[in-house]
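Enquirer: Okay, here's the prediction I keep looking at, along with the sequence it came from:
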Amino acid sequence: MDSRLLRYFVAVAEELNFARAAEWLGISPPPLSRAIRQLETELGATLFERTTHTVVLTSAGTVLLDEARFALEALEAAGRRARRAAAPEPKLVLAVKADGDAGLLEPILARYADEPAAVPVAVRLCGWHEQPRLLRQGEADAALVHEPFDRTGLDAETLAAEPRVAALAAGHPLAARDHVTLADLGLHPGELRRHLREIRSEGRDLAQLLMLVALGDVVPLLPASVAARYPRPGVVYRPAPDAPPAVLTIAWPQQSRSTATAALVRAATSVADTVRERQSG
């Protein structure tokens with residue numbers, strides 16, 4: 001299927017107006033209309049219901065829109081990865097949230113350096129759950145990312161499942177306890193994902209978040225490794241034993257055939273296995 005036709009289709013589907021879509025594409029409406037008819041003929045399906053005043057996606061068009069966006073994104077991502085691979089000094093890009101590696105980043109990179117297929121690694125720091133987008137767009141080759149995340153087009157291996165802790169202001173009434181429950185925080189088990197989304201939707205980094213904790217504005221549930229790695233005056237951490245664990249994975253594009261990426265995944269899982277053995281021993 002011609003990617004040009006898919007791009008034309010997506011433009012019309014998003015604008016639901018041939019004239020505006022043609023202007024955005026930098027062509028005139030008649031060639032755009034012919035291209036859409038050609039695509040419909042190839043597919044044997046009507047993609048738009050057209051009247052004098054309206055353009056509406058059919059059920060077939062709705063299905064194709066999701067698939068076309070994914071296909072075009074994958075095509076552009078392949079181009080970005082190919083350009084990086086052709087660089088004089090190829091690098092592997094690993095996307096990580098600055099405080100979201102459970103303390104595994106440095107040992108993973110050290111283990112990876114011993115792999116025969118290793119290449120230099122560029123660590124790309126990013127915000128909450130930007131990693132899947134960077135992977136799908138070809139801007140990163142692998143990522144350390146916490147569950148849950150959109151796995152469309154991605155593969156992943158679990159590296160760590162950490163208990164969660166509640167971060168509390170030192171003067172908070174719950175700070176005097178040796179642990180807190182979800183009920184103490186006004187949460188039900190099924191609400192944890194919503195709670196995490198609300199924390200992440202603010203786009204805060206950990207330093208900002210802990211400042212708000214110290215001020216008594218929020219009580220987030222965080223991976224237990226945060227308590228050990230980020231002590232802060234005015235903030236106390238208390239175990240939340242009934243909260244689901246924080247699961248860290250290494251993710252990469254399903255279509256990746258990079259030996260360097262595969263070597264990084266091997267190094268990451270090896271480090272994770274070593275850490276689990278040490279903890280269990």
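Expert: Received, thanks.

Enquirer: only C-alpha atoms for contact and neighbour calcs from this point on.
Expert: Fine.

Enquirer: pLDDT averaged over the host helix or strand of residue 111 - what is it?
Expert: According to DSSP states H and E, residue 111 maps onto helix 105-113. Across helix 105-113, the average pLDDT comes to 96.

Enquirer: before we move on, what about stretch 168-182?
Expert: 95.

Enquirer: Pull out the buried positions in the helix or strand hosting residue 75.
Expert: Element membership for residue 75 (DSSP H and E) is helix 59-85. If you call a residue buried by 16 or more other C-alpha atoms under 10 Å, then helix 59-85 has these buried ones: 61, 64-65, 68, 70, 72-74, 77-78, 80-81, 84.

Enquirer: mind listing what the helix or strand following that helix pairs with, with the direction of each?
Expert: Using DSSP H and E, the helix or strand that directly follows helix 59-85 along the chain is strand 92-97. Applying DSSP bridges to the sheet, strand 92-97 is found paired with strand 121-126 (parallel), strand 142-146 (parallel).

Enquirer: so what's residue 227 closest to, chain neighbours aside?
Expert: residue 237 (6.1 Å; C-alpha to C-alpha, 6 or more residues apart in numbering).

Enquirer: so how many other residues sit close to the one you found?
Expert: 25 (other C-alpha atoms under 10 Å).

Enquirer: Repeat that for residue 195.
Expert: By other C-alpha under 10 Å, 14 other residues sit near residue 195.

Enquirer: Can you name every helix or strand that the helix holding residue 75 contacts?
Expert: Here helix 59-85 touches helix 3-15, helix 131-136, going by 3 or more C-alpha pairs under 8 Å, 6 or more residues apart in numbering; DSSP states H and E.

Enquirer: repeat that for 7 Å
Expert: Taking 3 or more C-alpha pairs under 7 Å, 6 or more residues apart in numbering; DSSP states H and E as contact, there are no helices or strands that helix 59-85 lies on.

Enquirer: which parts of the lowest-mean-pLDDT helix or strand in the chain are buried?
Expert: One helix or strand of the chain scores below all others by mean pLDDT, DSSP states H and E: helix 192-201, with a mean of 76. Under the neighbour-count criterion of 16+ other C-alpha under 10 Å, helix 192-201 has residue 199 buried.

Enquirer: Now the element after that helix, going C-ward?
Expert: helix 206-214.

Enquirer: which of the residues in that following helix are buried?
Expert: 209-214.

Enquirer: mind checking how far the most centrally placed residue in the chain is from residue 245?
Expert: In the chain, the C-alpha nearest the mean C-alpha coordinate belongs to residue 132, at 2.7 Å (C-alpha atoms, centre = their mean). From residue 132 over to residue 245 the distance is 20 Å, taken as C-alpha to C-alpha, to the nearest Å.

Enquirer: got it, and residue 90?
Expert: Taking C-alpha to C-alpha, one finds residue 90 at 36 Å from residue 245.

Enquirer: picking up where we left off before, how about the residue nearest to the centre of the chain: what's its closest non-neighbour residue?
Expert: Using C-alpha to C-alpha, 6+ apart, the closest residue to residue 132 is residue 150 (6.7 Å).

Enquirer: can you pull the buried residues of the helix or strand that contains residue 23?
Expert: Residue 23 belongs to helix 18-25 when assigned by DSSP H and E. For helix 18-25, a neighbour-count test (16+ other C-alpha under 10 Å) marks 18-22 as buried.

Enquirer: and what of stretch 147-161?
Expert: Buried residues in stretch 147-161 (16+ other C-alpha under 10 Å): 151, 154, 156, 158-161.

Enquirer: start to end distance for that stretch?
Expert: End to end - C-alpha to C-alpha - stretch 147-161 spans 10 Å.
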